[in-house]
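Trainee: Structure of the sequence below:
(chains A and B)
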Amino acid sequence: MTVVEYFLPRSLAQAVDLLSRHGPDLLVIAGGTVAMPLINDGISLPRQVMGLRFVGLDEIEPSDGGLRIGATTTLTSLLRQRHVPMLAEAARRTASWSIRNMGTVGGNLFTPPPGGDVAVALLALDAEVTLEGSRGRRTLALSEFQTGFMTTALEPQELLTGIGVPAVAGETTYVKFGRKEANTPSVVTVAVRVARDGEVVTDARVALGAVGPHALRARKAEAVLVGSSLEPGAIDEAAEAAAEECEPFDDGIASAWYRRAMVRLFVRRALEELVQHVALEGR
Amino acid sequence: MGSRIVSFELCGREVEVLVSPMATLQSVLRSQLGYTGTKEGCRQGGCGSCTVLVDGEPMMSCLLPVEDVEGRRVTTIEGIAPVAGLAPIQQAFIEKNAFQCGYCTPGMVVLTKTLLDHHPSPSRDEIIDALGGNVCRCTGYAPIIEAIEAAAAGATTDAGRDAGDWPDPSGER
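Mentor: So this is what the prediction gives:
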């Protein structure tokens, strides 16, 4: 352990101030579930660390038909909320009980693949992030926040303080496929949202996890779905498009080849599940 | 540089301890406070051997900087058993042969106590779901699940015991 100072600010103002004073050398953590394993193993050797556990950004509240989620809200709190069922499902399928009691929604957006599944659900919901620093506050679409493998649009003196989920139309489905049922890294995670006018799809989101440097939108698949009636041909075509445009990688969980094949399968299944679910509800 | 005194409630007693920056709760419990019931497994949050309760909720003590529990209530396996005898869940683990090497057992028992506090009669699925983060490499889980079912069927938990009844492992050293 190389840490010489561990700061635990009691407010956002204190946290922003510490960040301004110490600059990019200050490692910022919240739940610690991503950073601490690296520190424990000596892979990460920070000297100065700031923990956000006491800054008071851990509230979830309904907002204009959507949801306002503080960055340090735990995954357990996300699981317990009833406003957005897909987010509860994404939290339920993430890690284990003890880890969900520690890990945060904000931290999940910095979690490298094959982790970071909550971001996949948030992406399908058009979530935006709030960033705050000494120069003020700005909001950014989540799709623009994650820029690469473990890189984000965060400026050196900014903190992620919250996640906004707007009121969005349509039905959602969330599918996580891993090597086992619980507490598993993802082979692929798929979150879809489809808005329809009658039979015709007016808006679609297909978000993918664990098949790229960060959570991705399969925009070609989305384009295939818009204007369709989710007929089997359109679903197959969208699944094929998603499999082509994803950027899978090899790791200890799965090969890139297998991940791409599973994107094809699980995008199709997610869309079929959505169609089935809507048909049942309409009865 | 950076060392500080952290105080928190440990199994019903107030403790104060001088810690180096970001020492994990697990290492402080074992190396500085003599509470060796909490095991060190993977140090990655992946095995559950180090599970403790913070304000009654299970957490992985290997991932928790001890400064983060300042002023909070920590319960380890040492706080689960009454002074004399065993908690019902401990007795159930023995009767159902729910451990062999025993390394995962403190984490399993601590987690299960919380499960039964929240859900006195959990379904088999709820038990399996709760144990998702706790790895056992000996018994194959079935006896562990049976032990939890047996403890739940006994319908007694050790909740509500007052602080004076807790043992003090550090005082016994």
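Trainee: Can you tell me the SS state at the most centrally placed residue in chain B?
Mentor: Most central in chain B under C-alpha atoms, centre = their mean is B:V110, positioned 3.3 Å from the mean C-alpha point. At B:V110 the chain is in helix, as set by DSSP: H, G, I helix; E, B strand; the rest coil.
Trainee: mind listing what B:G37 touches?
Mentor: B:T76, B:I77, B:E78, B:P106, B:P169 (C-beta atoms under 8 Å, 6 or more residues apart in numbering or on different chains). Every residue, glycine included, has its C-beta placed from N, CA and C.
Trainee: where's it relative to A:R135, distance?
Mentor: Between B:G37 and A:R135 the distance is 49 Å, computed by C-beta to C-beta, to the nearest Å.
Trainee: Per-residue confidence, the residue nearest to the centre of chain B, what does it come out as?
Mentor: For B:V110, the pLDDT comes out at 97.
Trainee: what's across from the closest residue to it other than its chain neighbours in the sheet?
Mentor: Closest residue to B:V110 apart from its sequence neighbours, by C-beta to C-beta, 6 or more residues apart in numbering or on different chains: B:T51 at 5.0 Å. Under DSSP bridges, the beta-bridge partners of B:T51 are B:M60.
Trainee: can you pull the contacts of B:T51?
Mentor: Contacts of B:T51 were listed using C-beta under 8 Å, 6+ apart, and they are A:98, B:38, B:58-61, B:106-108, B:110-111, B:133-134.
Trainee: picking up where we left off before, the contacts of B:G37 in helices, which ones?
Mentor: B:P106 (DSSP state H).
Trainee: what's near enough to touch A:S134?
Mentor: Applying C-beta under 8 Å, 6+ apart, we find A:S134 in contact with A:V16, A:D17, A:L19, A:S20, A:Q157.
Trainee: I'd say the third one and A:L159 touch.
Mentor: Yes: with contacts defined as C-beta atoms under 8 Å, A:L19 counts as touching A:L159 at a distance of 6.4 Å.
Trainee: joint contacts of the two?
Mentor: Residues touching both A:L19 and A:L159 (C-beta under 8 Å, 6+ apart): A:V28, A:G133.
Trainee: hmm, back to that, a markdown table for the contacts of B:T51, including distance to A:R269?
Mentor: Shown next, in a markdown table, are the contacts of B:T51 (distance: C-beta to C-beta, whole Å):
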| residue | distance to A:R269 |
| --- | --- |
| A:S98 | 30 |
| B:T38 | 42 |
| B:P58 | 33 |
| B:M59 | 34 |
| B:M60 | 33 |
| B:S61 | 39 |
| B:P106 | 40 |
| B:G107 | 35 |
| B:M108 | 34 |
| B:V110 | 38 |
| B:L111 | 32 |
| B:G133 | 27 |
| B:N134 | 30 |
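Trainee: Got phi/psi on the residue nearest to A:S11 when sequence neighbours are not counted?
Mentor: Distances taken as C-beta to C-beta, 6+ apart place A:V55 nearest to A:S11, at 6.1 Å, with adjacent residues excluded. Per-residue torsions, A:V55: phi -80, psi -10 (degrees, to the nearest 10).
Trainee: what about A:V55, neighbour count?
Mentor: 23 (other C-beta atoms under 10 Å in any protein chain shown).
Trainee: Quick check: it vs A:L159, distance?
Mentor: Using C-beta to C-beta, we find A:V55 at a distance of 9 Å from A:L159.
Trainee: Tell me who's in contact with the residue in chain A positioned nearest to chain B.
Mentor: Closest residue of chain A to chain B, C-beta to the nearest C-beta: A:S96 (2.3 Å). Contacts of A:S96 were listed using C-beta under 8 Å, 6+ apart, and they are A:A182, A:N183, B:G48, B:G132, B:G133, B:N134.
Trainee: List just the nearest of those residues to A:E144.
Mentor: A:N183 (31.0 Å; C-beta to C-beta).
Trainee: quick one, domains of chain A?
Mentor: Using automatic domain parsing, the domain parsing of chain A gives A:5-51, A:60-165, A:171-282.
Trainee: okay if I get those as JSON lines plus mean pLDDT?
Mentor: JSON lines is the format used below for the domains of chain A (pLDDT from 0 to 100):
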{"stretch": "domain A:5-51", "mean pLDDT": "96"}
{"stretch": "domain A:60-165", "mean pLDDT": "97"}
{"stretch": "domain A:171-282", "mean pLDDT": "95"}
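Trainee: Now name the helix or strand holding residue 43.
Mentor: Using chain A. For A:I43, there is no enclosing helix or strand under DSSP states H and E.
Trainee: Not quite, go with chain B.
Mentor: Applying DSSP H and E, one finds B:R43 in no helix or strand.
Trainee: From the chain's centroid, how far away is the longest strand belonging to chain A?
Mentor: The longest strand of chain A (DSSP state E) is strand A:186-197. Averaged C-alpha coordinates place strand A:186-197 at 13 Å from its chain's average position (C-alpha atoms, centre = their mean, to the nearest Å).
Trainee: cool, and stretch A:7-18?
Mentor: The answer for stretch A:7-18 is 25 Å, by C-alpha atoms, centre = their mean.
Trainee: returning to what we had before: any residues in contact with both of A:V55 and A:L159?
Mentor: With C-beta under 8 Å, 6+ apart as the test, A:V55 and A:L159 both reach A:L12, A:A15.
Trainee: now the helices for the stretch 51-200 of chain A?
Mentor: For the stretch 51-200 of chain A, the helices defined by DSSP state H, counting those that start in this stretch cover A:75-80, A:85-92, A:97-100, A:105-108, A:117-124, A:142-145.
Trainee: Please compute how far stretch B:121-137 lies from its chain's middle.
Mentor: For stretch B:121-137, the distance to the chain centre is 15 Å (C-alpha atoms, centre = their mean).
Trainee: Residues touching that stretch, excluding its own?
Mentor: For stretch B:121-137, using C-beta under 8 Å, 6+ apart, the contacting residues are A:95-99, A:182-183, B:41, B:45-49, B:51, B:60, B:99, B:101, B:104, B:107-108, B:111-112, B:115-116, B:119, B:141, B:144-145, B:148-149, B:152, B:155.
Trainee: Looking at that stretch now, give me its mean pLDDT.
Mentor: In this model, stretch B:121-137 has a mean pLDDT of 95.
Trainee: Export that stretch to PDB, keeping only CA atoms.
Mentor: Provided in PDB are the C-alpha atoms of stretch B:121-137 (Å, rounded to 0.1, in the frame of the first residue of the first chain):
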ATOM      1  CA  SER B 121     -38.300 -17.500   6.100                       C
ATOM      2  CA  PRO B 122     -36.400 -17.100   2.900                       C
ATOM      3  CA  SER B 123     -37.200 -19.300  -0.100                       C
ATOM      4  CA  ARG B 124     -34.500 -21.600  -1.500                       C
ATOM      5  CA  ASP B 125     -34.100 -19.100  -4.400                       C
ATOM      6  CA  GLU B 126     -33.700 -16.200  -2.000                       C
ATOM      7  CA  ILE B 127     -31.000 -18.100  -0.100                       C
ATOM      8  CA  ILE B 128     -29.200 -19.000  -3.300                       C
ATOM      9  CA  ASP B 129     -29.500 -15.400  -4.500                       C
ATOM     10  CA  ALA B 130     -28.100 -14.000  -1.200                       C
ATOM     11  CA  LEU B 131     -25.100 -16.400  -1.300                       C
ATOM     12  CA  GLY B 132     -24.200 -15.400  -4.800                       C
ATOM     13  CA  GLY B 133     -21.000 -13.600  -3.700                       C
ATOM     14  CA  ASN B 134     -19.800 -16.200  -1.200                       C
ATOM     15  CA  VAL B 135     -17.600 -19.000  -2.600                       C
ATOM     16  CA  CYS B 136     -17.100 -22.400  -0.900                       C
ATOM     17  CA  ARG B 137     -14.800 -24.900  -2.600                       C
END
